[in-house]
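J.: would you be able to build a 3D model of this:
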Amino acid sequence: MSELTKVENGKATFNLHVPAEEYVKALETAYRRLGSRYSLPGFRKGKAPRKFIEKAYGPDVFWDHEVEQLMQSALSDALMEHKIIPELQPNYTVTAFSEENGIDFTAEVVQRPEVKLGEYKGIEAPKAEYNVTDEDVAAEILKRREAIASTENVERPVEDGDTVILDFAGFLGEEQFEGGTAENYSLKIGSHTFIPGFEEQMVGMNIGETRDLHVTFPENYQAENLAGKEVIFKVTVHSISVDRVPEFDEDFVKDTSEFNTVEEYTASVRSELEHAAEMRAKENRVNAIVQKAIDNATVEIHDDIIKEEVDMQLDRFDKQLHQFGTDLKGYCEYAKLSIDDIRKDYEEGARRNLKAQYVMFAIIDAEKIEPNDDDYRSAIHNIGHQGGEHWDDAKIDEELSKNRAKYASAALYEATIRFLVENAKEV
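T.: Numbering: from 1, shown residues only. Coordinates of the predicted model:
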């Protein structure tokens, strides 16, 4: 017997009943399985009758999974009867129980959010376009040259771009402040690693020289005792070095690639950049189409669903922090944040991500989308790429033949993306 008493804000409440005969049968089954654990005076161990054990330990002593299954079954029938899909584990409240009358209880169920799809077919999105300039190619080649630059110590005053080994000590008034002291620190001048004015005042210093640098911390600096304050750093320079970047010539080309000429190397770099730019342009277009489909839909997500998602994310974060020897409490103390501050940040992302999932599920249901082999291959390729692996076509096909079911969910997602893109309009 079931009665749907209330549906409010995405939560359904049922009054439910388990018949006495089924309840007693479940108790007897649980007693046969668990009764041997209990010892009572006057009875051999494991031979005490159920009634005596219940009197000694409480009437719900044999409420184990047999009784729980009865309640779950009663709720399952009610959900099917009223066509309600639960999204979270239900909350049960027993209102009365006896062997004569069975179990009366209520169940609160958070329903799967209803999705009202907006426009998702015919979404307008610009054609994927990209452009690689000569400047882009030159910048990439310079980056590769700088990556293998050698370091050379120099005997001259500090210049912009130098790397300096230094000692420093920070003073607020006459007192050194915490966190403002280091020895043999490596600093690249012009990197803007330190607060404004620090690196600039080091230009012109010589090896062995000590200088007082007067700087002011930003008003929004994280250490409140230093925010907006003028301080002095006593700085001593130990060494000065410069990076020697190799010339872009045939020697560089032959030493670092399979090419022989500057022209071949330049053409190869351009080709790589064009491929990467093309992939980014396509990805940006796909993301824009998907986001429009999500934005066009309406989904009311119950706060309990958001809370559970945030709880899981915080638990994962806490486990990650344990790997570094701390925990969520320690992180909050270090970052000067409260748990509520972190929860608020997580809630925004959780609401956004959950809406995207529900909208995608609704499109799959509406269009009866099924993945094909190419969707599976894309899923395998992307999962491998995320793990830092590059699988060729032969390895992807081998993985597909062995572990197809493993990629079913990811392939369905790829199929949905493909559907949205194929049905979009270029503008």
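J.: contacts for stretch 325-342, please.
T.: Identification of contacts with stretch 325-342 by C-beta atoms under 8 Å, 6 or more residues apart in numbering yields 222, 314, 317-318, 321. Using the backbone N, CA and C atoms, a C-beta is placed for each residue, glycine as well.
J.: repeat that for 7 Å
T.: Stretch 325-342 is contacted from outside by 314, 317-318, 321, using C-beta atoms under 7 Å, 6 or more residues apart in numbering.
J.: please identify the buried residues of that stretch?
T.: Neighbour-count burial for stretch 325-342 flags 328, 331, 342 (criterion: 16 or more other C-beta atoms under 10 Å).
J.: in strands only, show me those residues.
T.: Judged by DSSP state E, these include no members of strands.
J.: of these, which belong to helices?
T.: 328, 331, 342 (DSSP state H).
J.: sorry, back to before: list just the nearest of the contacts of stretch 325-342 to K368.
T.: L314 (36.7 Å; C-beta to C-beta).
J.: for the closest one, which residues are in contact?
T.: 328, 346.
J.: where does pLDDT dip in the chain?
T.: 1-2, 6 (pLDDT under 70).
J.: between the buried residues of stretch 325-342, which is closest to I85?
T.: Using C-beta to C-beta, I342 comes nearest to I85 of the buried residues of stretch 325-342, at 30.8 Å.
J.: which element is D315 on?
T.: helix 303-322 (DSSP states H and E).
J.: next: D60.
T.: Applying DSSP H and E, one finds D60 in no helix or strand.
J.: can you dump the C-alpha coordinates of the helix holding D315 into CSV?
T.: C-alpha atoms of helix 303-322 as CSV (Å, rounded to 0.1, in the frame of the first residue of the first chain):
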residue,chain,number,x,y,z
ASP,A,303,19.6,21.7,-3.2
ASP,A,304,20.1,18.2,-1.8
ILE,A,305,21.6,17.1,-5.2
ILE,A,306,24.0,20.0,-5.2
LYS,A,307,25.0,19.3,-1.6
GLU,A,308,25.8,15.6,-2.3
GLU,A,309,27.9,16.6,-5.4
VAL,A,310,29.8,19.2,-3.3
ASP,A,311,30.3,16.7,-0.5
MET,A,312,31.8,14.2,-3.0
GLN,A,313,34.1,16.8,-4.4
LEU,A,314,35.3,18.0,-1.0
ASP,A,315,35.9,14.4,0.0
ARG,A,316,38.1,13.9,-3.2
PHE,A,317,39.9,17.2,-2.4
ASP,A,318,40.6,16.1,1.2
LYS,A,319,42.0,12.8,0.0
GLN,A,320,44.3,14.6,-2.4
LEU,A,321,45.5,16.9,0.4
HIS,A,322,46.3,13.9,2.6
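J.: buried sites along it?
T.: Buried residues in helix 303-322, counted by 16+ other C-beta under 10 Å: 304-306, 308-310, 313.
J.: need the max-distance pair from these.
T.: Distance extremes for the buried residues of helix 303-322: the farthest pair is D304 and Q313 at 15.1 Å, using C-beta to C-beta.
J.: about what we covered before: Throw the buried residues of helix 303-322 into TSV and include distance to T93, thanks.
T.: Formatted as TSV, the buried residues of helix 303-322 follow (distance: C-beta to C-beta, whole Å):
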residue	distance to T93
D304	16
I305	20
I306	23
E308	19
E309	24
V310	25
Q313	29
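J.: just name the closest of those residues to D295, please.
T.: The closest of these, once distances to D295 are taken by C-beta to C-beta, is I306, at 18.7 Å.
J.: state the distance from the closest one to A20.
T.: 40 Å (C-beta to C-beta, to the nearest Å).
J.: dump the residue contacts of the residue nearest to the spatial centre of the chain.
T.: Central residue of the chain (C-alpha atoms, centre = their mean): Q313, 7.5 Å from the mean position. Neighbouring residues of Q313 by C-beta under 7 Å, 6+ apart: 346, 350.
J.: give me that answer again for 6 Å
T.: Q313 is in contact with Y346, counting by C-beta atoms under 6 Å, 6 or more residues apart in numbering.
J.: how near is it to R351?
T.: Distance from Q313 to R351, by C-beta to C-beta: 12 Å.
J.: quick one, domains of this structure?
T.: Domains of the chain are assigned by automatic domain parsing as 2-112, 150-244, 263-426.
J.: got TSV for the ones you listed, with distance to E250 too?
T.: Formatted as TSV, those follow (distance: least, C-beta to C-beta, whole Å):
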stretch	distance to E250
domain 2-112	65
domain 150-244	18
domain 263-426	9
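J.: tell me which of the ones you listed sits nearest to I141.
T.: Here domain 263-426 is closest among those (C-beta to C-beta), at 5.9 Å.
J.: now do the strands in the chain.
T.: Under DSSP E, the chain gives strands at 2-8, 11-18, 91-98, 102-110, 115-116, 124-125, 150-153, 163-172, 175-188, 210-216, 230-244, 298-299, 425-426.
J.: right, and the ones you listed - which one's nearest A411?
T.: Closest of these to A411 is strand 115-116, at 21.6 Å (criterion: C-beta to C-beta).
J.: quick one: list the elements packing against that closest one.
T.: helix 339-367 (3 or more C-beta pairs under 6 Å, 6 or more residues apart in numbering; DSSP states H and E).
J.: chain center to stretch 173-180, what's the gap?
T.: Chain-centre distance of stretch 173-180: 38 Å, with C-alpha atoms, centre = their mean, to the nearest Å.
J.: tell me the buried residues in it?
T.: Neighbour-count burial for stretch 173-180 [16+ other C-beta under 10 Å]: 177, 180.
J.: do the same with stretch 62-70
T.: 62-64, 66-67, 70.
J.: looking at these, which are in helices?
T.: The helices, defined by DSSP H, take in 66-67, 70 from the buried residues of stretch 62-70.
J.: and those residues, which is closest to D212?
T.: For these, the closest approach to D212 (C-beta to C-beta) belongs to V67, at 77.5 Å.
J.: contact partners for the closest one?
T.: A26.
J.: could you report the distance from it to G190?
T.: V67 sits 72 Å away from G190, going by C-beta to C-beta.
J.: coming back round to it: and the ones in helices among the buried residues of stretch 325-342, which is closest to V231?
T.: Distances from V231 to these, taken by C-beta to C-beta, are shortest for Y331, at 27.5 Å.
J.: what's the neighbour count on N284?
T.: N284 has 15 neighbours, counted by other C-beta atoms under 10 Å.
J.: which residue packs closest to it, ignoring adjacent ones?
T.: A128 (7.2 Å; C-beta to C-beta, 6 or more residues apart in numbering).
J.: one step back: okay if I get the buried residues of stretch 62-70 as TSV plus distance to I85?
T.: Shown next, in TSV, are these (distance: C-beta to C-beta, whole Å):
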residue	distance to I85
F62	32
W63	27
D64	28
E66	26
V67	25
L70	22
